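1. A predicted structure for the sequence below; I have some questions about it.
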Amino acid sequence: MTAAHDDACALFTRLTGREPAGLWSAPGRVNLIGEHTDYNDGFVLPFAIPQRTVAAVGRRDDDRGRILVGSTFAEEPVEVGLDELDRLFPTAPGAHPAIPEWAAYPLGVAWALRQAAAESGAFGGLDIAIASDVPVGAGLSSSAAIEGATASALNELWETGFDGTDLARIGRRAENEAVGAPTGIMDQMASMLGRPDTAIFLDCRSLETELVPLAVAEAGLAILVIDTRVTHAHSTGGYRERRASCELGASILEVPALRDVSVDDLTRAQELMDEVTFRRVRHIVTENQRVLDTVRVLREQGVRAIGDLLIASHASMRDDFEISTPELDTAVDTALAAGALGARMTGGGFGGAAIALVEQDAVASVSDAVNAAFAASRFAAPLLFTVTPSAGPRRDA
């Protein structure tokens, strides 16, 4: 058990005066490569991380069809009737949820799960207390971890019988329609389907997955996360604007999604669209190809050979998609100068974290170099830690 488990239990008892029926947890994720390709029906290669969100959940003694959610990062809990969920959600595009945004994640899951199950579930009132050690706003999918932990608990207690892919779809619907964040399904699939020492090669159109061994430790390497502490939010304008540009590009090219555009099509694309839209399209098309190339290289040569692909991915996000920040660029450039085999920002951008593939015995020296560079640039001190590909959701107690 972790501090997050203890915190969730303590909060549950403080809110309800009793012990929870169980503890469910789900991980955050690192995306090794494939950024913003998910909502373009493309390819991604994420993995689940050890940091997890915990939901302490119990049925209500005075069950009047109500659900209460509390969180260690919110001052007050939120309580609503189950029959109110259809009035609260969906959230109108561009609007704020009718309840505090943090509560829209778990309550949005409850809403989407009830709708998906129709009348087949044993729906009843619940109390939920949430705690997490996934850094918030770091691009490590703290939101999908909340959704995964909540969905796993409700799936069991409400006896809805959904599998991991079903629950990932429910989590995405909660994020898209309850919270109002226009994300794809990568984060939820990575959290729900995570396996130790393995990345998940996901086709975001078909939702077909393949497990790709990473063998990072076996290769004498480590994956260093550099959380810049510049927080981001997917429901804000920059992410939405990038998605709109991608949809415009697909419309101009008369294809269902940018997944259907190849690198060979980029010359024609440049002739048809303005410069900004073209650069957005070029990132998606080349990033999809980089994911395919990374999977091939991992299988044929191993993790030591993917560094250049990570570097090219960051350059594309910085220059074509324009979602990097000075802090992220400093993290990547400094890690590479200090000996990292490859590095890139990870997540939706506009802040968050970078990852660096480093020798195990160089983690300390690369970290020291990054800390020094941030101090010299007068940036806030970053949070640095290593991650290993880890397991998906589970019941812990």
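-> Arrived safely.
2. low pLDDT regions in the stretch 51-200 of the chain?
-> For the stretch 51-200 of the chain, applying pLDDT under 70 flags the ranges 63, 119.
3. residue ranges for the strands of it, please.
-> For the stretch 51-200 of the chain, the strands defined by DSSP state E, counting those that start in this stretch occupy 66-71, 78-81, 126-132, 198-203.
4. what's the closest non-adjacent residue to the residue of the chain most remote from its centre?
-> Relative to the centre of the chain, the most outlying C-alpha is that of Asp62, 35.5 Å out, by Cα atoms, centre = their mean. Closest residue to Asp62 apart from its sequence neighbours, by Cβ to Cβ, 6 or more residues apart in numbering: Gly125 at 7.8 Å. Bear in mind the C-beta positions are built from the backbone N, C-alpha and C, glycine included.
5. That neighbour: neighbour count?
-> Other residues lying near Gly125 total 18 when counted by other Cβ atoms under 10 Å.
6. so who does it touch?
-> Going by Cβ atoms under 8 Å, 6 or more residues apart in numbering, Gly125 touches 59-60, 62-67, 82.
7. before we move on, what about Asn31?
-> Applying Cβ under 8 Å, 6+ apart, the residues near Asn31 are 44-46, 186, 190, 346-347.
8. what does Pro97 give?
-> Shown in contact with Pro97 (Cβ under 8 Å, 6+ apart): 88-89, 91, 103-104, 108, 178-180.
9. how close does it sit to Arg66?
-> 18 Å (Cβ to Cβ, to the nearest Å).
10. Which positions in the helix or strand hosting Leu266 come out as buried?
-> Using DSSP states H and E, Leu266 falls within helix 266-272. Residues of helix 266-272 classed as buried: Ala269 (neighbour count, 16 or more other Cβ atoms under 10 Å).
11. averaged over its residues, what pLDDT does that helix have?
-> Looking at helix 266-272 alone, the average pLDDT works out to 98.
12. Packing partners of it?
-> Applying 3 or more Cβ pairs under 8 Å, 6 or more residues apart in numbering; DSSP states H and E, we find helix 266-272 packed against helix 237-253, helix 275-300.
13. Just give me the lowest mean pLDDT stretch among the ones you listed.
-> Among the helices and strands packed on helix 266-272, helix 237-253 carries the lowest mean pLDDT, at a mean of 93.
14. What are the contacting residues of it?
-> For helix 237-253, the surrounding residues in contact (Cβ under 8 Å, 6+ apart) are 36, 39-40, 94, 181-183, 256-258, 260-261, 265, 268-269, 272-273, 276-278, 280-281, 284, 321, 323, 348-350.
15. Buried ones only from these, please, as a ChimeraX command.
-> In ChimeraX syntax, the buried subset of these is picked out as below (16+ other Cβ under 10 Å):
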select :36,39,40,181,182,183,257,258,260,261,269,273,277,278,280,281,284,321,323,348,349,350
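16. Once you drop chain neighbours, what's closest to Val44?
-> Gly34 (3.5 Å).
17. Let me see the contact set for the one you found.
-> Taking Cβ under 8 Å, 6+ apart, we find Gly34 in contact with 42-46, 186, 287-288, 290-291.
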